[in-house]
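**Q** Turn this into a structure:
(one chain, ligands or ions: 1)
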Amino acid sequence: MARRRTKILVVGSTGQVGSELTPALRRRYGFENVIAGWHTRPPTPSLREGPTVRLDAMRRSDVERVVRKFEVDSIYHLGVVLSAVGEKSPERAWTVNIDGLRNVLEAARKNGVPNIFWPSSMAVFGKGAPRDNTPQDAPLLPSTIYGVTKVAGELLCNYYFGRFGLDVRSLRFPGIISSETPPGGGTTDYAVEIFYEAIRKERYTCFLKPETTLPMMYMPDCVKATVQLMESAASKIKVRTSYNVTGMSFSASELAKEIRTHIPEFKCNYRVDFRQAIADSWPRSMDDSAARSDWGWYPEHNLSSMTKEMLARVNDRLK
Ligand code: SER
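**A** You can find the predicted model right below:
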């Protein structure tokens, strides 16, 4: 992949994806060229190794000020309210997810920022979409407000591309599994929490049923997909809403079993809550063949390699 000169602003750099994508972008494009934008959660010492800026994506003037000050040419907008928290506060989920994106797109359009990355999610799917190998073009009828904001956001991205020529690119991520920063308030969070509890207590109580299968992706593949999408020639990007991408699919009990190959004493119990209904409305696996054929996407991690690495990393963090 070709490297290019760039000045990137990451909005939401201290969240689950930002805390690992930001350092990866810095290693690739130069530390001084990637500005870590944050709002509620302050940056860690490792994020402070490069430029940081406090900005509230809810305030368009804030986004514009930062874009002008740092002469930004790419924005990665990661700030979001996830599915489970969104159901507790749908109004807030709409405001944060949609107004935040509108502010970023408008700030980009008005200030000539050509490149935008915005993550969508498997949560765009719901009623009427096949749950196995969900196609790129399946109906988008989500049951969560989070999914509704992702569908609306995809349409908005597609509109800004068609109407204003903004090079907005997007991926429909499955559940992201990572060790640096825990996700906050999603339905796939169990697949991160389980590692911490397996190491700390050798037991975990899962809020989804054992047979609940969801598509997932390990963070290094999430970073790889994002960088590869953003570095692809514009002519290769044929989907301007958002591309399905996935890494693996497993059930909660399959993950527990895989952890037991490393920690034989590990016990997983199940106490189902409202997040079960959310998981039951989502794909069990996603068809990402459009991303594979358009710009050469393929994942590198499976359940076994991800579990091995996660246990090693979480173990190090908890020392
Ligand atoms: N990880 C997200 C959630 O669970 C799905 O995109 O809300």
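**Q** now the helices: where do they sit in this structure?
**A** 18-29, 60-69, 83-88, 90-94, 100-111, 145-164, 190-201, 219-231, 252-260, 275-280, 289-295, 303-318 (DSSP state H).
**Q** and R54, which of the ones you listed is closest to it?
**A** Closest approach to R54 among the helices of the chain is made by helix 60-69 (8.6 Å; CB to CB). To be clear about C-beta, it is placed using only N, CA and C from the backbone, and glycine gets the same treatment.
**Q** Packing partners of the closest one?
**A** When contacts are defined as 3 or more CB pairs under 8 Å, 6 or more residues apart in numbering; DSSP states H and E, helix 60-69 packs onto strand 8-11, helix 100-111.
**Q** Tell me which of these sits nearest to the ligand.
**A** helix 100-111 (15.0 Å; CB to the nearest ligand atom).
**Q** burial count for the residue nearest to C268 when sequence neighbours are not counted?
**A** With sequence-adjacent residues excluded and distances taken as CB to CB, 6 or more residues apart in numbering, C268 is closest to A256, at 3.8 Å. The number of residues packed near A256 is 20, by other CB atoms under 10 Å.
**Q** give the contact list for A256.
**A** For A256, the contacting residues are 194, 204, 206, 210, 266, 268, by CB atoms under 8 Å, 6 or more residues apart in numbering.
**Q** Would you convert the helices and strands packed on helix 60-69 into CSV that also reports mean neighbour count?
**A** Shown next, in CSV, are the helices and strands packed on helix 60-69 (neighbours: other CB atoms under 10 Å):
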stretch, mean neighbour count
strand 8-11, 27
helix 100-111, 21
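**Q** Nearest to R292, out of those?
**A** Nearest to R292 among the helices and strands packed on helix 60-69 is strand 8-11 (25.7 Å), distances taken as CB to CB.
**Q** Looking at that closest one now, give me its mean pLDDT.
**A** Rounded to a whole number, the mean pLDDT of strand 8-11 is 98.
**Q** If you count contacts, what does it end up packed against?
**A** Short answer (3+ CB pairs under 8 Å, 6+ apart): strand 8-11 packs on helix 18-29, strand 34-38, helix 60-69, strand 74-77.
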